[in-house]
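Enquirer: below are the sequence and a predicted model; questions follow.
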Amino acid sequence: MNLLRLFLTAFLCISCTNAVATTYHFMGCDWQIPAQFTQISDREFRFDNSKINQHRELSSILFGDSFNPNHFEVLSQIYGANIFAFRHRSNPDFDITSVFTRSQRLPTYELISDIITIRAGAQYTSLIGLTEKEVSLFLTNCVDVTVIEKHQSVLKQLQQDFTEFKTSSHQLEVILPSSSNH
């Protein structure tokens, strides 16, 4: 009887684990794709509103082979968005950047997106609009949890006062705006 119970418990645990995430091997790591994301192309997963009956604007996970380091600066110039980006120092295997974009349209200047980009050489993965739990799951096997903690801390501060935080002394390696724009 105990053997049967052990077998059923193991089977249920394996089934639950498979429902939680899909593994995607890229940049020498096994990234965990949250279950509520659907693969829409070879290298893109998008949040599927129908899986949990929750509507969200664009939330996606992208994988690519040629990252343009000036990408966010170009977006800022084209769309007139206010962008704040900083580099994480906690991981020797990857170059990790957090990017926050704020709309400059009146009457509100709301924070419209947060992105985490993880690079190794020319390859990259970008997490766009994921929740804290989704990012934590995605990073589980590959990146130290302090990345999401720092990203969320900065996100909360920027939501309170974007302009003040951008110009304050916060001990971050700021990429955008460049020091000449402060």
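Expert: Happy to help now that I have it. Numbers count the residues shown, from 1 in each chain.

Enquirer: C-alpha from now on. contacts and neighbour counts both.
Expert: Will do.

Enquirer: okay, helices next: where are they in this structure?
Expert: 2-20, 49-52, 71-79, 132-139, 146-160, 162-167 (DSSP state H).

Enquirer: average pLDDT for the longest one?
Expert: Okay, so that is helix 2-20. Helix 2-20 comes out with an average pLDDT of 40.

Enquirer: where does R46 land on pLDDT?
Expert: pLDDT, R46: 93.

Enquirer: what about it, how many neighbours?
Expert: R46 is flanked by 19 other residues according to other Cα atoms under 10 Å.

Enquirer: for it, what are its contacts?
Expert: Neighbouring residues of R46 by Cα atoms under 8 Å, 6 or more residues apart in numbering: F37, T38, Q39, I40, L58, S59, S60, I61.

Enquirer: turn these into a markdown table, including distance to R119, pLDDT and neighbour count.
Expert: Shown next, in a markdown table, are these (distance: Cα to Cα, whole Å; pLDDT from 0 to 100; neighbours: other Cα atoms under 10 Å):
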| residue | distance to R119 | pLDDT | neighbour count |
| --- | --- | --- | --- |
| F37 | 21 | 94 | 20 |
| T38 | 22 | 94 | 18 |
| Q39 | 21 | 95 | 15 |
| I40 | 22 | 95 | 11 |
| L58 | 21 | 79 | 12 |
| S59 | 19 | 89 | 18 |
| S60 | 16 | 92 | 20 |
| I61 | 13 | 95 | 25 |
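
Enquirer: hmm, which two among the residues you listed are most spread apart?
Expert: Maximum pairwise distance among the contacts of R46 (Cα to Cα): 13.9 Å, between Q39 and L58.
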